[in-house]
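J.: predicted model and sequence below, questions to follow.
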Amino acid sequence: MALRSSSIKMLLLAFASVLFAVCLIIYPQDALEASRSGLEIWSTSVVPALLPFFIAAELMIAFGVVNFLGVLLEPFMRPLFRIPGSGGFVWAMGFASGFPSGAKFTVRLRQENKLSREEAERLVSFTNSSSPLFIFGAVAVGFFHNPALGVLLAAAHYISNTVVGIIMRFYKRTAPASHSQSSSFSIKEAWKALQEEQENDKRPLGKKLGDALNSSIHTLFMIGGFVVLFSVIYRLLHVTGSIHYLAVFPSMVLQWLHFSQELAFPWLSGFFEITVGSKLTSDLSDISLLQKAMIVSFILGFSGFSVHAQVASLLAESDIRYKPFFVARWLHGVLASFITYVIWEPLYIRRAGIPTFSQGSTENWISAWWEWTETTIATFGHII
């Protein structure tokens with residue numbers, strides 16, 4: 001009897017879990033070191049960066065501030081992104097604190113029926129991004145030792161993310177809106193919405209504070225688990241040599257784009273973990289900075305499977321589907337790389353006062369990159 005695709009999928013997952021357990025037994029020291037490294041990153045970077053934002057956001061939702069902002073931002077968010085004004089709050093929090101804040105707050109609003117399923121899927125696709133602190137501090141200064149590059153990477157990252165949000169407004173465009181639309185800016189209506197939310201939420205102050213802490217800490221522990229898990233997976237792929245075989249596929253793409261083949265391994269590493277991928281890319285010495293910047297822009301846009309797993313886990317608490325987010329991350333990566341090329345000279349070369357250089361075969365690989373971009377967008381349109 002022929003196996004169904006779902007049965008094959010379950011068998012592959014079962015085999016992968018057994019293989020993972022066997023590797024842990026064979027390489028216990030490497031797994032332990034990777035776990036410690038992931039735990040250190042989580043405790044020293046993730047928790048201090050996200051916990052205050054998570055608590056503040058939960059309290060803002062509980063006290064009706066999100067409803068207040070939702071009414072004020074409705075005339076802006078609805079025409080541009082086809083989502084309610086409350087999505088502006090999620091967008092701002094995701095921008096300030098980085099992933100996976102956008103997914104967490106989108107799920108929260110969906111659970112309170114402030115968003116329809118389709119609106120939530122549009123919103124989560126462009127509100128999970130790297131924080132400015134990570135792009136400027138870790139990548140530009142920490143890895144490349146080049147503060148000017150941070151402006152380029154940040155501009156490409158956030159411009160392309162906004163473009164993704166605009167494109168996603170056409171996703172399920174015939175689906176009904178979550179509530180009646182308002183095109184007027186009214187502080188009176190916003191204040192009324194805030195009061196109604198406070199009247200409906202009868203929890204005392206202590207209960208609201210406790211719930212905000214519990215929800216935030218629960219999410220942070222989940223994030224920590226994924227950070228450790230993918231740190232171990234990446235280390236096992238490295239010590240077994242598997243990642244070098246997997247690098248054949250990105251190497252073929254880079255060859256087609258006329259990029260240096262040395263970027264294949266760092267690029268593949270970035271698919272698993274953005275910090276590792278960005279660091280390995282910056283360490284390459286004989287590669288043009290433009291090519292390295294484009295690869296890092298893709299890595300930041302795609303976000304890595306570790307972040308994808310965190311987002312998928314959060315979305316599983318609601319009826320929001322993961323597929324639109326996954327497609328949007330690919331689109332973000334491609335657009336971010338292309339925009340990096342477009343703004344390279346005006347925003348980096350001229351700003352940093354670097355003499356213009358000969359671009360050699362740039363026309364060849366940028367034509368191929370543009371062809372890939374058009375193919376990706378066409379595929380995205382077919383899927384939605």
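T.: Structure received.
J.: report pLDDT for the closest residue to Glu58 other than its chain neighbours.
T.: Distances taken as Cβ to Cβ, 6 or more residues apart in numbering put Ala212 closest to Glu58, at 3.6 Å, once the chain neighbours are dropped. Just so you know, the C-beta spots here come from the backbone N, C-alpha and C atoms, and that holds for glycine as well. Note on Ala212: pLDDT of 88.
J.: so what's Ala212 up against?
T.: For Ala212, the contacting residues are Phe54, Ile55, Glu58, Leu59, Ala62, by Cβ atoms under 8 Å, 6 or more residues apart in numbering.
J.: TSV for those residues, including pLDDT, secondary structure and neighbour count?
T.: Below are the contacts of Ala212 laid out as TSV (pLDDT from 0 to 100; DSSP: H, G, I helix; E, B strand; the rest coil; neighbours: other Cβ atoms under 10 Å):
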residue	pLDDT	secondary structure	neighbour count
Phe54	86	helix	23
Ile55	89	helix	16
Glu58	85	helix	22
Leu59	87	helix	17
Ala62	84	helix	19
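J.: sorry, back to before: how near is the residue nearest to Glu58 to Gly206?
T.: 11 Å (Cβ to Cβ, to the nearest Å).
J.: neighbouring contacts of stretch 220-240?
T.: So stretch 220-240 is contacted by 20, 23-24, 27, 30-31, 33-35, 37-39, 41-43, 46-47, 50-51, 54, 100, 242-243, 246, 269, 272-273, 276, 304-306, 309-310, 313-314 (Cβ under 8 Å, 6+ apart).
J.: swap in stretch 287-295?
T.: When contacts are defined by Cβ under 8 Å, 6+ apart, stretch 287-295 is touched by residues 144, 149, 152-153, 259-260, 262-263, 266-267, 270, 281-282, 284, 337, 340-341, 344, 348.
J.: any buried residues in it, and which?
T.: Across stretch 287-295, burial judged by 16 or more other Cβ atoms under 10 Å covers Ile287, Leu289, Leu290, Gln291, Lys292, Ala293, Met294, Ile295.
J.: and what of stretch 244-254?
T.: Leu246, Ala247, Pro250, Ser251, Leu254.
J.: and if you look at stretch 75-88?
T.: Pro75, Met77, Arg78, Phe81, Arg82, Ile83, Pro84, Gly85, Ser86, Gly87, Gly88.
J.: quick one: which of the residues you listed sit in strands?
T.: Among the buried residues of stretch 75-88, none falls in strands (DSSP state E).
J.: just those now: which is nearest Arg108?
T.: Closest approach to Arg108 among these (Cβ to Cβ): Ser86, at 10.1 Å.
J.: what about the closest residue in space to Glu121 that isn't next to it in sequence, how many residues nearby?
T.: In this structure, Glu121 finds its nearest non-sequential neighbour in Pro324, 4.5 Å apart by Cβ to Cβ, 6+ apart. Pro324: 22 surrounding residues under other Cβ atoms under 10 Å.
J.: next SSE downstream of the strand or helix carrying Val232?
T.: Using DSSP states H and E, Val232 maps to helix 205-239. Toward the C-terminus, helix 205-239 is succeeded by helix 242-246 as the next helix or strand (DSSP H and E).
J.: what's the mean pLDDT across that next one?
T.: What helix 242-246 shows for mean pLDDT is 85.
J.: contacts for the helix or strand just after that helix next, please.
T.: Using DSSP H and E, the helix or strand that follows helix 242-246 in sequence is helix 248-256. For helix 248-256, contacts defined as Cβ under 8 Å, 6+ apart pick out Ser260, Gln261, Leu263, Ala264, Trp267, Leu268, Ala368.
J.: how about the first one: what's its closest non-neighbour residue?
T.: With Cβ to Cβ, 6+ apart as the measure, Ile287 is the residue that lies nearest to Ser260, at 4.9 Å, once sequence neighbours are left out.
J.: how close does that neighbour get to Phe338?
T.: Distance from Ile287 to Phe338, by Cβ to Cβ: 18 Å.
J.: for Phe15, same thing?
T.: 38 Å.
J.: between these two, tell me which one has more neighbours.
T.: Phe338 (20 against 10).
J.: low-scoring pLDDT stretches of the stretch 251-384 of the chain, where are they?
T.: Scanning the stretch 251-384 of the chain for pLDDT under 70 picks out the ranges 351-384.
J.: let me see the ranges of the strands in it.
T.: With strands called from DSSP state E, counting those that start in this stretch, the stretch 251-384 of the chain shows none.
J.: quick one on the thing from earlier: kindly reformat the contacts of Ala212 as TSV containing distance to Phe226.
T.: Formatted as TSV, those follow (distance: Cβ to Cβ, whole Å):
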residue	distance to Phe226
Phe54	16
Ile55	20
Glu58	21
Leu59	25
Ala62	27
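J.: and of the residues you listed, the nearest to Glu112?
T.: Distances from Glu112 to these, taken by Cβ to Cβ, are shortest for Ala62, at 10.3 Å.
J.: OK, contacts around that closest one?
T.: Asp201, Arg203, Lys208, Asp211, Ala212 are the contacts of Ala62 under Cβ under 8 Å, 6+ apart.
J.: let me know the closest of these to Ser318.
T.: Asp211 (17.5 Å).
J.: separation between the closest one and Ile217?
T.: 11 Å.
J.: so Thr275 sits against Ile41, correct?
T.: Yes: in this structure Thr275 lies within contact range of Ile41 using Cβ atoms under 8 Å: 7.5 Å.
J.: higher neighbour count, those two?
T.: Thr275 (21 against 17).
J.: circling back to that earlier point, quick one: the residue nearest to Glu121 from Tyr27, how far?
T.: 37 Å.
J.: kindly report the same for Ala156.
T.: Relative to Tyr27, Ala156 is positioned 38 Å away (Cβ to Cβ).
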